[in-house]
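Engineer: with the input below, show me the fold.
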Amino acid sequence: MEKTYSLTAHYDEFQEVKYVSKYNSSSTLSNGFNLQVTPKKQAKAVPRWSRRETCLLSGLVFAAGLCIILGCMLVLKYLSLEQDGQCLEGCQERKAFMRASKFISNNIDPTISPCNDFYSFACGGWMKKNRIPTDKLIYGTIAAIGEHNEEKLQHLLLQPVRRKHRQSAERKAKEFFRSCINMRDIERLGSKPMLQVIEDCGGWDLPENPKTRWDFNELLYKTQAIYSTAAFFSMTVNLDDKNSSRYIIRIDQDGLTLSERTLYLGQDEDSEKILAAYKIFMQKILSLLGVENVQKKVQEILHLEQRLANITISEYDDYRRDINTMYTKVTLSQLQKITPHLRWKRLFDRIFHENFSEDEEVVVLATDYMQKVSELIRSTPASVLHNYMLWRIVVVLSEHLSNPFRDAINELTREMEGTEKELDLGKMCLTQANKHFGMALGALFVEEYFSSASKEKVQQLVEDIKHILDHRLEELDWMDMETKKAAKAKLKHMMVMIGYPDYLLKPDALDKEYEFDIYEKSYFQNILNSIRYSIKLSVKKIRQEVDKSAWLLPPQALNAYYLPNKNQMVFPAGILQPTLYDPDFPQSLNYGGIGTIIGHELTHGYDDLGGQYDSFGNLAYWWTDTSFSKFMKKAECVIDLYDNFTVYNQQVNGKLTLGENIADMGGLKLAYHAYQKWVRENGPERPLPRLKYTHDQLFFIAFAQNWCIKRRSQSIYLQVLADKHAPEPYRVIGSVSQFEEFGRVFHCPRNSPMNPSHKCFVW
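Structural biologist: Just a heads-up that it's a prediction; the model follows:
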């Protein structure tokens with residue numbers, strides 16, 4: 001509960017002390033003292049004091065005076081400290097409220113009616129005052145939080161090493177960062193590190209000697225298990241979706257360099273431009289590596305990737321949204337029959353260092369694709385297969401080479417995404433440090449910038465929002481009792497992780513996460529060492545007990561997530577930062593900021609994908625047919641709503657974005673009702689200075705201002721094409737316009753743009 005501080009100073013009450021002198025006579029004067037009158041007698045001689053007695057008396061008088069003076073000073077100091085303490089508390093709140101008021105007022109555009117276009121009203125001021133930095137694809141209020149986090153992290157990485165012993169995770173993280181910014185040694189090595197990798201893989205051109213047999217499976221092993229690169233397919237060790245108490249090998253479609261299959265097909269002007277830029281990029285990289293017959297190799301590799309794109313299913317296809325349809329558990333011998341041109345047992349035995357039986361179970365998420373890949377491998381010349389796998393390794397690792405390679409990558413990025421300037425070296429190296437030493441860097445971050453008190457407050461906020469969902473499940477009229485019982489069980493068992501894993505505060509335990517060598521003058525080798533160690537850890541999981549408390553992201557990550565196969569929500573310390581969350585802000589802003597994100601992740605447990613998993617994280621049908629049918633009908637309403645939104649003449653894909661849209665709409669409702677609960681229990685909050693908005697209105701404004709974002713036009717094209725999130729204006733408009741309370745709070749007339757008569761809702 002947030003403590004409310006009074007701005008009025010309180011003083012200690014001093015009790016009045018009365019001194020009474022007693023005399024023998026009963027005569028009393030008006031001053032209240034008694035005076036005894038004695039008859040006058042003959043005067044006696046007054047005894048004289050010795051010098052010693054005089055000095056002693058003087059000393060006593062001086063000491064008494066000094067004590068009185070010191071006592072008065074202490075009393076005054078006490079009063080001053082008490083006033084200052086209360087001022088610190090009151091001033092801190094006052095300053096936080098002023099800061100919050102300034103943030104809100106700077107972002108809004110009061111000339112726009114919130115009932116006509118709430119996104120432009122809430123974010124119009126921000127949009128006018130901010131531009132996208134030259135090295136960024138997008139920029140927004142959340143990105144600004146990321147910038148503050150980056151500054152803190154870079155400062156931490158440049159600090160002297162405190163734990164200097166050889167196995168220290170702190171030392172390795174800081175030396176890794178220094179190796180990354182050490183461009184002199186990176187430039188000196190040039191393409192040499194990559195040429196060594198290529199040589200290890202057999203070089204570009206197959207041997208002409210017919211007696212030297214080329215082995216497809218040998219190169220596939222190196223691609224997947226040495227350099228952690230997806231070629232033709234991905235192979236991971238993950239939780240078994242139908243038995244989340246164990247790990248299993250999972251195989252899925254993968255192997256394209258561009259982010260979306262349709263970019264290879266040249267279906268419109270934008271994809272044609274991107275494909276042309278990709279060809280130029282391939283030519284530059286291969287030329288830098290001294291490859292012969294560059295044009296021929298580029299054409300062959302690109303043609304093979306286009307064939308892969310033709311058999312790949314887009315992520316927004318209905319098939320890829322239904323995990324039950326995708327999930328196929330087969331034995332090793334059955335997998336061999338599905339893909340006869342791959343040698344699975346030999347591959348698995350080498351990767352996992354054991355002798356697999358033919359009955360070993362594997363999950364395949366793209367059975368039809370894998371059958372076609374097997375045939376594609378059979379029908380493609382060996383030299384093309386070889387060069388494609390080499391290219392996949394090169395394209396993944398080339399960002400860690402010298403500037404000519406980085407320039408080629410930046411030119412492709414500029415063409416695809418519209419960035420004007422490459423990322424600053426320090427920021428790029430920070431990205432790599434987060435990727436390879438995330439938890440080590442996270443330990444430094446939470447020690448310096450995240451308190452246990454914040455962790456406890458956010459935990460309470462989460463519990464409030466879970467409490468609201470529990471009540472809403474009870475009140476839903478479209479869900480029968482049997483399904484409600486299962487839904488409530490899932491909520492009860494949902495694991496919540498906040499801030500950071502506890503082991504980060506134990507240096508010896510943290511050191512065990514990074515048992516590989518790091519050297520300040522060999523950045524590329526450091527990358528390879530990290531990759532191989534990660535593969536080693538992944539391989540060991542296959543026979544290990546599942547740790548459902550493990551984190552996927554480090555604590556400094558500016559993100560949050562829900563894992564359906566663990567029934568787990570995670571909110572890292574990196575996202576629990578101002579302005580999304582500030583313990584000194586009004587609770588209306590905290591519930592509208594981080595609260596709606598918490599509600600979003602919570603609702604993911606009940607969207608079209610998360611709703612396929614039960615309370616233990618197992619892929620299981622826990623709905624009755626009647627309730628599921630009603631759920632799908634409500635989901636169709638949401639699909640139709642977002643299908644009618646357009647941006648840059650592109651139609652938003654309601655199916656692709658369905659899960660995120662359900663989470664946005666549900667998260668907003670849950671957080672709003674949780675805030676109302678907080679107000680009932682704690683009383684109304686005092687107004688923000690210089691703002692005319694009520695705290696109920698501020699809640700919605702804070703929610704919208706989470707998504708004040710500018711994107712480059714190329715980014716908008718790619719977002720609508722492949723992102724599972726709707727464009728930011730519609731994340732806001734789609735959510736508030738379907739919530740009855742929003743129209744009431746802003747007094748929006750019925751059938752105004754933000755308050756239509758017909759509304760869609762699921763949760």
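Engineer: now do the closest residue to residue 763 other than its chain neighbours, the pLDDT please.
Structural biologist: Among residues not flanking residue 763 along the chain, residue 666 sits closest, at 3.9 Å (C-beta to C-beta, 6 or more residues apart in numbering). (Glycine included, C-beta is placed from N, CA and C.) Listed pLDDT for residue 666 reads 97.
Engineer: all helices for the stretch 351-500 of the chain, in order.
Structural biologist: Assigned by DSSP state H, counting those that start in this stretch, the stretch 351-500 of the chain shows helices spanning 367-379, 382-397, 403-417, 425-436, 438-449, 452-475, 481-493.
Engineer: list the buried ones in the second one?
Structural biologist: This means helix 382-397. 385-397 (16 or more other C-beta atoms under 10 Å).
Engineer: which one of these sits closest to residue 169?
Structural biologist: For the buried residues of helix 382-397, the minimum distance to residue 169 (C-beta to C-beta) is 23.9 Å, reached by residue 397.
Engineer: and the closest residue to the closest one other than its chain neighbours, what does it touch?
Structural biologist: Distance criterion C-beta to C-beta, 6+ apart; nearest residue to residue 397, sequence neighbours excluded, is residue 194 at 6.4 Å. Residues counted as contacts of residue 194 (C-beta atoms under 8 Å, 6 or more residues apart in numbering) are 289, 394, 397-398, 401, 524.
Engineer: and for the spatially closest residue to residue 585 that is not a sequence neighbour, the neighbour number?
Structural biologist: Nearest non-adjacent residue to residue 585, counting by C-beta to C-beta, 6+ apart: residue 100, 5.0 Å away. For residue 100, the number of neighbouring residues by other C-beta atoms under 10 Å comes to 24.
Engineer: strands along the stretch 601-750 of the chain, start to end?
Structural biologist: Counting by DSSP state E, counting those that start in this stretch, the stretch 601-750 of the chain has strands at residues 646-647, 650-651, 709-711.
Engineer: of those strands, flag the one that's most buried.
Structural biologist: Between the strands of the stretch 601-750 of the chain, strand 709-711 has the highest mean count of neighbours, a mean of 20, where neighbours are mean count of other C-beta atoms under 10 Å.
Engineer: quick one: strands adjacent to it?
Structural biologist: For strand 709-711, the paired strands and their directions (DSSP bridges) read strand 138-140 (antiparallel).
Engineer: packing partners of the next helix or strand after the strand it pairs with?
Structural biologist: As assigned by DSSP states H and E, the chain's next helix or strand after strand 138-140 is helix 141-157. Applying 3 or more C-beta pairs under 8 Å, 6 or more residues apart in numbering; DSSP states H and E, one finds that helix 141-157 contacts helix 169-181, helix 425-436, helix 438-449, strand 709-711.
Engineer: pLDDT of helix 141-157, averaged?
Structural biologist: According to the model, helix 141-157 has a mean pLDDT of 94.
Engineer: and the residue nearest to residue 397, what element?
Structural biologist: helix 192-200.
Engineer: output that helix as PDB, restricted to C-alpha atoms.
Structural biologist: In PDB, the C-alpha atoms belonging to helix 192-200 read as follows (Å, rounded to 0.1, in the frame of the first residue of the first chain):
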ATOM      1  CA  LYS A 192      40.600 -14.100 -40.900                       C
ATOM      2  CA  PRO A 193      38.400 -15.400 -38.100                       C
ATOM      3  CA  MET A 194      35.600 -16.200 -40.500                       C
ATOM      4  CA  LEU A 195      38.000 -17.700 -43.000                       C
ATOM      5  CA  GLN A 196      39.000 -20.100 -40.300                       C
ATOM      6  CA  VAL A 197      35.400 -21.100 -39.700                       C
ATOM      7  CA  ILE A 198      34.900 -21.600 -43.500                       C
ATOM      8  CA  GLU A 199      38.000 -23.800 -43.600                       C
ATOM      9  CA  ASP A 200      36.700 -25.800 -40.700                       C
END
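Engineer: what residues sit buried inside it?
Structural biologist: 193-194, 197-198.
Engineer: next: stretch 148-165.
Structural biologist: Across stretch 148-165, burial judged by 16+ other C-beta under 10 Å covers 149-150, 152-154, 156-157.
Engineer: and if you look at stretch 699-716?
Structural biologist: Across stretch 699-716, burial judged by 16+ other C-beta under 10 Å covers 699-712, 714-716.
Engineer: ok so, going back, list the contacts for the residue nearest to residue 585?
Structural biologist: Residue 100 neighbours (C-beta under 8 Å, 6+ apart): 579, 582, 585-586, 589, 688.
Engineer: same list, these, but as a markdown table with neighbour count and pLDDT please.
Structural biologist: Formatted as a markdown table, the contacts of residue 100 follow (neighbours: other C-beta atoms under 10 Å; pLDDT from 0 to 100):
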| residue | neighbour count | pLDDT |
| --- | --- | --- |
| 579 | 23 | 90 |
| 582 | 19 | 92 |
| 585 | 24 | 93 |
| 586 | 23 | 94 |
| 589 | 30 | 97 |
| 688 | 23 | 93 |
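Engineer: and these as TSV, adding distance to residue 362?
Structural biologist: Formatted as TSV, those follow (distance: C-beta to C-beta, whole Å):
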residue	distance to residue 362
579	46
582	48
585	50
586	53
589	49
688	57
